[in-house]
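*Asks:* just the structure for this:
(one chain, ligands or ions: 1)
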Amino acid sequence: MANAEAVAGIAANQDNVIWRFSTAPGRAAAVDPGEAEPLLDHLRQRGESLSHVLLTHHHADHVGGVEVLKRAFPSLRVIGAAADACRLPPLDLAVSEGDGLALGERTARVMAVPGHTSGHLAFVVGEWLFPGDVLFRCGCGRLFEGTAEQMWHSLQRLSSLPDATLIFPGHEYTLANLAFALHWEPDRVELLEAREETRRLRREGRWTMPVPLERERRLNPFLRCADPEFAARLGMERLSPVERFATLRRLRNDFTG
Ligand SMILES: [Zn+2]
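*Replies:* Numbering: from 1, shown residues only. As a prediction, this is how the structure comes out:
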């Protein structure tokens, strides 16, 4: 049941992706529905109802559609962080690190991954990882509420999931993130190939996600801060991995390509 095609990405807001997967025949779950309408259209076309909503964090572009969806599907279960219950839409189930969830025919595991926000969650559904705004293709989220130490620790935890884990981040930022990665390693063939592939996929109107974690670890500069070879490329050999991460994250904020 855990094939990539079983997860559909639905464009919402500026550059958000709502991920939808089936939970039972005719029923589906959605991760971070920042808008209701595009998801409702998608479900209508498939003749599905919405059984569960998983919320990774409280930002409006991730939760904005929940109220309308709840009215459309009164039995919908809205799931989010217990630690952030006061600033999320009303939750039917408040969850924390290590909790297991039954989502119809699937099960999910909850990881607490602070850094982008203090109460940020990631959801692991079989081989699929929904990291919200903590991990992007070739990038990571901004440090709005957490410290660099927290974010680095969160990214390392996500990065240590099995190689075959497929990652489904909350935004399509791959091309801009690859420009930043190539700024440090302009000749690296794997990055250049990834940029070509990304351009082609976007031209065809397709998402650049998911990819297996095993590949992401090799491409994403924010996952490579403990790699001595990469540290040398950055000229940051004397810094600790977390200091390298903090420096890269700061430089990324100001990077315009
Ligand atoms: Zn966010």
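*Asks:* pretty sure residue 217 contacts residue 159?
*Replies:* Yes. Residue 217 is in contact with residue 159 according to CB atoms under 8 Å; the separation is 5.8 Å. C-beta: built from backbone N, CA, C; applies to glycine.
*Asks:* neighbour count for the two, which is higher?
*Replies:* The neighbour count for residue 217 versus residue 159, taken as other CB atoms under 10 Å, is higher for residue 159 (17 against 14).
*Asks:* now the more buried one: closest residue in space, sequence neighbours ignored.
*Replies:* Residue nearest to residue 159 in three dimensions, not counting chain neighbours: residue 223, with 4.9 Å by CB to CB, 6 or more residues apart in numbering.
*Asks:* retrieve the pLDDT associated with the one you found.
*Replies:* pLDDT recorded at residue 223 is 98.
*Asks:* residues near residue 237, how many?
*Replies:* Residue 237 has 10 neighbours, counted by other CB under 10 Å.
*Asks:* and it, that's in a strand?
*Replies:* No. The assignment for residue 237, made by DSSP: H, G, I helix; E, B strand; the rest coil, is coil rather than a strand.
*Asks:* what sits closest to it if chain neighbours are left out?
*Replies:* According to CB to CB, 6+ apart, the nearest residue to residue 237 is residue 231 (5.1 Å).
*Asks:* tell me which element that neighbour is part of?
*Replies:* helix 228-234 (DSSP states H and E).
*Asks:* export that helix as PDB, just CAs?
*Replies:* The C-alpha coordinates for helix 228-234 follow below in PDB (Å, rounded to 0.1, in the frame of the first residue of the first chain):
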ATOM      1  CA  PRO A 228      34.200  16.900   7.100                       C
ATOM      2  CA  GLU A 229      34.500  17.000   3.400                       C
ATOM      3  CA  PHE A 230      31.500  19.400   3.100                       C
ATOM      4  CA  ALA A 231      32.900  21.500   6.000                       C
ATOM      5  CA  ALA A 232      36.100  21.900   4.000                       C
ATOM      6  CA  ARG A 233      34.000  23.100   1.000                       C
ATOM      7  CA  LEU A 234      32.400  25.600   3.200                       C
END
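*Asks:* I appreciate the help and will end here.
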